[in-house]
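# Here is the input, now give the coordinates:
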Amino acid sequence: MKKKKVWRYYCEFCKKSGCSGGCMKKHEERCTLNPNRTCGMCKLIEETQPDLVPALELLPEPSDFTTVRSDSDGCGEWVSYDGLGEAANLVMPQLRDMLNNCPACILAALRQGGIPVPCVDGFNYKSESKDFFDGVNQSQMTW
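Predicted coordinates for the structure are as follows:
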């Protein structure tokens, strides 16, 4: 039997971990929970990265909408955010404008603001980032 100790690296901002220090360092630089993050999407299109502080001030406070409910089968408590999605949807047009409609910056603002992304009806990171990269690829094509 072989036994081997290995290092495990953890992001200081989220729960991501890995065995490569270099990969985790790169992740931390762009982690959407990092308040001093570098946006790879803004950098790719050579756009000035917007400041998240005004965007975070625009978002509703999740604690105003939090309801803790007890689970009847004894599995523990779960948290409900009654009305948070509707409040977040109201500010999405302003948020998009402030953040230059960058999917990564919008995701970062929502996550740092404590708003669960599935609560927001007007935002789908996967499809919006696909559209973003399709646009980048289309602009780089030369015929």
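
# alpha carbons only for contacts and neighbour counts from here, please
Will do.

# just the strands in this structure please.
9-10, 17-18, 66-70, 77-81 (DSSP state E).

# With distance to F123 as added columns, please give those in CSV.
Conversion of these to CSV gives the following (distance: least, C-alpha to C-alpha, whole Å):
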stretch, distance to F123
strand 9-10, 28
strand 17-18, 27
strand 66-70, 21
strand 77-81, 17
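
# Got the domain ranges for this protein?
If you go by automatic domain parsing, the domain ranges for the chain are 8-38, 47-134.

# In the protein, where is pLDDT below threshold?
Across the chain, the ranges flagged by pLDDT under 70 are 70-78, 142-143.

# Quick check: L59 touching G113?
Yes: assessed by C-alpha atoms under 8 Å, L59 is found in contact with G113 at 6.8 Å.

# Overlap of the contact sets of these two?
Counting by C-alpha atoms under 8 Å, 6 or more residues apart in numbering, L59 and G113 have no common neighbour.

# hang on, the earlier thing: include distance to M141 and mean neighbour count when you put the domains of the chain into JSON lines, please.
Converted to JSON lines, the domains of the chain look like this (distance: least, C-alpha to C-alpha, whole Å; neighbours: other C-alpha atoms under 10 Å):
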{"stretch": "domain 8-38", "distance to M141": "26", "mean neighbour count": "16"}
{"stretch": "domain 47-134", "distance to M141": "11", "mean neighbour count": "16"}
